[in-house]
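Test case, fold it:
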Amino acid sequence: MRIDVKWRREGGVAIASVLGRIDNASADEFRSLVEEGLSTDDDFLFVDMEKVAFMSSAGLRACLILARKAGRGKFALCSLTQLNREVVAISGFDQLIPVHESQAAAMDAVGSS
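So this is what the prediction gives:
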């Protein structure tokens, strides 16, 4: 399955909504698509994972690279499916970057920081 990224911006927040599977075959494409879609005007990057059917460790690695490029406190995942939420929690990845239940929760967190 191919990766697709749709963009929405709200204030200084870029929201990348991802569709597909992020695994060994697609992780680099996912990372590239997100990097290419960013603007210098973006203060925060949220990756909405609601329509990601599966994310492997290669997907986690791609997210970590994106988080490092965005800068500390400037990156978050949101709207993970139950399966992907478990992958993130079991790996301890949720200790490295913020994970929010929804786009609204991620926006609220930015507003309170």
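
Now the phi/psi pair for the residue most central in space within the chain, please.
Compute the mean C-alpha point of the chain, and by CA atoms, centre = their mean the closest residue is Val47, 2.7 Å away. Backbone torsions of Val47, given as degrees, to the nearest 10, read phi -110, psi 110.

Pairing partners for it in the sheet, please.
Judged by DSSP bridges, the bridge partners of Val47 are Ala16, Leu77.

can you start the count at 32 instead of 1 from here on
New numbering, starting at 32: the last item is Val78.

which ones are touching Ala93?
Taking CB atoms under 8 Å, 6 or more residues apart in numbering, we find Ala93 in contact with 53, 58-59, 61-62. Placement of C-beta: from N, CA and C, glycine included.

Recalculate using a threshold of 6 Å.
Going by CB atoms under 6 Å, 6 or more residues apart in numbering, Ala93 touches 58, 61-62.

Show me where this structure dips below the pLDDT cut-off.
The chain contains residues with pLDDT under 70 at 32, 143-144.

Just to check, the residue nearest to the centre of the chain is in contact with Cys109?
No: applying CB atoms under 6 Å as the test, Val78 and Cys109 come out as separate, 7.3 Å apart.

Which single one of the contacts of Ala93 is nearest to Val49?
Phe61 (6.7 Å; CB to CB).

which secondary structure element contains the closest one?
helix 58-68 (DSSP states H and E).

Tell me which stretches of this protein form helices.
In the chain, the helices defined using DSSP state H lie at 58-68, 88-101, 113-122, 134-142.

Which stretch among those is buried most, on average?
helix 88-101 (a mean of 19; mean count of other CB atoms under 10 Å).

Measure how far that helix is from the centre of its chain, please.
8 Å (CA atoms, centre = their mean, to the nearest Å).

still on that earlier bit, may I see the helices of the chain arranged in a markdown table, with distance to Asp35 as well?
Formatted as a markdown table, these follow (distance: least, CB to CB, whole Å):
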| stretch | distance to Asp35 |
| --- | --- |
| helix 58-68 | 8 |
| helix 88-101 | 15 |
| helix 113-122 | 17 |
| helix 134-142 | 17 |
